[in-house]
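Asker: what follows is a protein structure lacking sequence information:
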């Protein structure tokens, strides 16, 4: 397992790791936190739950994700070849944990959002209405050259129903794999802008956070959120909200 983000150091709540399994190799997870294990590529047998995976990568289509409540042991074994699993964790907080299960393509909500050069496909895998305590997860696919998380929005203040506070992290994938994008984050205290490449992560504790794919390269980012409850109520930057509101 390779650690990508560590709570208390890189983030407040969300931990992120990746495991690259050879054929026949096993991975056992048992944490005090909720677990979301995304089968990015390959096929795995999950003890007591069944078989998950089958896609060659995120750009092929919706995949399989395994949810585990705190204290539940999840054991994966790669079958038929190598497999990559991305593991996100977060403390349960006041939420009620869900049942351990495999979430397949038919269990996800897939939406086309935006228009023109800010259109993208959003796969909500573990959304507000799904059985879980705190974690939220999905995959967003950007066509080459397109913007996402746009119009710029934030979710760092807990003022429902106007906005709900959720920490978020992104894990990026590109097709072709040598592609890149640009992540922007800004708020009243300043702004930052940095290049993201295949396998990079971005921790978003606060602020508006639009992202764009370079022309010629499709971009996917796996997004994980955890915070105050599980409602997703982003607040659009008033300067740019007109793009969506017409």
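Answerer: That came through, no problem. Predicted, not measured: the structure shown is a model, and the values here were computed from it. Numbers count the residues shown, from 1 in each chain.
Asker: regarding this structure, what is its longest strand?
Answerer: strand 74-90 (DSSP state E).
Asker: thought residue 237 was touching residue 151?
Answerer: Yes. Under the criterion of C-beta atoms under 8 Å, residue 237 makes contact with residue 151 at 6.3 Å. Bear in mind the C-beta positions are built from the backbone N, C-alpha and C, glycine included.
Asker: report all helices and strands that the helix or strand where residue 225 lies contacts.
Answerer: Element membership for residue 225 (DSSP states H and E) is strand 218-227. Where contact means 3 or more C-beta pairs under 8 Å, 6 or more residues apart in numbering; DSSP states H and E, strand 218-227 is packed against strand 34-46, strand 74-90, strand 136-142, strand 166-175, strand 211-213.
Asker: which one of those lies nearest to residue 5?
Answerer: strand 166-175 (5.9 Å; C-beta to C-beta).
Asker: roughly how far out does the very next helix or strand once past the closest one sit from the chain middle?
Answerer: Next helix or strand after strand 166-175 toward the C-terminus (DSSP H and E): strand 180-187. Centroid separation for strand 180-187 versus its chain: 16 Å, with C-alpha atoms, centre = their mean, to the nearest Å.
Asker: can you name every helix or strand that strand 180-187 contacts?
Answerer: Looks like strand 180-187 contacts strand 166-175, strand 190-197, strand 201-204, strand 211-213 (3+ C-beta pairs under 8 Å, 6+ apart).
Asker: residue 168 contacts residue 224, doesn't it?
Answerer: Yes. Counting by C-beta under 8 Å, residue 224 is a contact partner of residue 168 at 6.9 Å.
Asker: can you list residues touching both of those two?
Answerer: Counting by C-beta atoms under 8 Å, 6 or more residues apart in numbering, the residues touching both residue 168 and residue 224 are residue 14.
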